[in-house]
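Asker: just need the structure, nothing else, for what follows:
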Amino acid sequence: MMPLCEEMNGETQCHVHPRYIWLMMVRPVLILVLALLVLNVAYVFPEVRGIMPLPYTVDLFLLNILLTVVILLPSYIWAWLEYKNFVYIIKYEELVIRSGIFRKRHNSIPYNKIRNVQRLQNILERIFGLCTISVETAEISFSFPNSKIPGMLNSKELPDLILKKTHADQDADTNLGETMRQVLSQLKDLNRRDQREEDRMR
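Answerer: Next up, the predicted model:
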């Protein structure tokens with residue numbers, strides 16, 4: 001497996017945790033168990049054979065192996081590709097989330113648009129020690145939709161890092177706004193002085 005995070009040109013590029021692959025494999029495994037149950041019951045009970053068109057001349061063990069390969073192999077390949085293509089990049093001014101296998105999605109969220117970062121965790125994620133990070137923006141729009149990063153370790157490090165950058169960006173905006181107000185105030189004072197000088201000259 002590739003490393004989770006790596007530094008590139010001052011940016012931190014990260015993948016989700018490899019356990020996310022096995023988390024995505026839970027549903028195919030449940031489907032496989034159900035399919036194997038139905039298949040074996042159909043072979044055991046003659047009443048079911050008339051309902052289900054199964055190749056009863058083929059060995060049951062071989063059918064179980066074939067069904068397992070047909071369900072699990074494509075599911076694992078798909079889960080691995082999902083894992084490999086899901087990347088989040090912590091840049092200086094924005095959080096970038098890239099995902100998608102055939103249809104690539106690129107979501108850039110400036111830190112000054114982020115209003116909240118939550119850790120979500122369902123039962124399966126709790127079993128695997130993972131969680132989902134939900135990044136909420138000031139308003140739900142096409143440009144900055146609320147985004148989720150699944151397959152994260154059950155840790156507060158990433159939400160704290162994003163919020164820290166968000167607050168730092170907001171503080172920079174506040175400082176810039178205060179500086180602009182001071183400059184405008186000084187310009188107004190200068191205009192008043194110029195106006196007084198003109199009045200005196202008259």
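Asker: where do the helices sit along this structure?
Answerer: Using DSSP state H, the helices of the chain run over residues 19-24, 26-44, 46-49, 60-85, 123-128, 157-201.
Asker: which of the ones you listed has the lowest average pLDDT?
Answerer: Mean pLDDT per stretch puts helix 157-201 lowest among the helices of the chain, at a mean of 54.
Asker: thought Pro110 was touching Val96?
Answerer: No. With contact defined as Cβ atoms under 8 Å, Pro110 does not reach Val96; the gap is 10.3 Å. Where C-beta positions appear, they are placed from N, C-alpha and C, glycine not excepted.
Asker: the closest residue to Ile31 other than its chain neighbours: how many residues sit nearby?
Answerer: Of all residues not flanking Ile31 in the chain, Ile71 sits nearest, at 6.2 Å (Cβ to Cβ, 6 or more residues apart in numbering). Using other Cβ atoms under 10 Å, Ile71 has 17 other residues around it.
Asker: before we move on, what about Met24?
Answerer: Using other Cβ under 10 Å, Met24 has 19 other residues around it.
Asker: list the contacts for it?
Answerer: Residues near Met24 by Cβ atoms under 8 Å, 6 or more residues apart in numbering: 75, 78-79, 82-83.
Asker: I'd like the residues you listed as JSON lines, with distance to Gly10 and neighbour count appended.
Answerer: Formatted as JSON lines, these follow (distance: Cβ to Cβ, whole Å; neighbours: other Cβ atoms under 10 Å):
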{"residue": "Ser75", "distance to Gly10": "38", "neighbour count": "17"}
{"residue": "Trp78", "distance to Gly10": "33", "neighbour count": "15"}
{"residue": "Ala79", "distance to Gly10": "32", "neighbour count": "18"}
{"residue": "Glu82", "distance to Gly10": "28", "neighbour count": "18"}
{"residue": "Tyr83", "distance to Gly10": "25", "neighbour count": "22"}
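Asker: tell me the one of the residues you listed nearest Leu124?
Answerer: Using Cβ to Cβ, Ala79 comes nearest to Leu124 of the contacts of Met24, at 13.6 Å.
Asker: so how far is Phe45 from the residue nearest to Leu36 when sequence neighbours are not counted?
Answerer: Excluding its sequence neighbours, the residue lying closest to Leu36 (Cβ to Cβ, 6+ apart) is Asn64, at 6.0 Å. Plainly put, Asn64 is 17 Å away from Phe45 if you go by Cβ to Cβ, to the nearest Å.
Asker: what about the two, which has more around it?
Answerer: Taking other Cβ under 10 Å, Asn64 and Phe45 do not tie; Asn64 has more neighbours (16 against 10).
Asker: can you pull the contacts of the more buried one?
Answerer: 36, 39-40.
Asker: nearest to Ile21 among these?
Answerer: Checking the contacts of Asn64 against Ile21 with Cβ to Cβ, the nearest one is Leu36 at 21.9 Å.
Asker: list the contacts for the closest one?
Answerer: Contacts of Leu36 (Cβ under 8 Å, 6+ apart): 64, 67-68.
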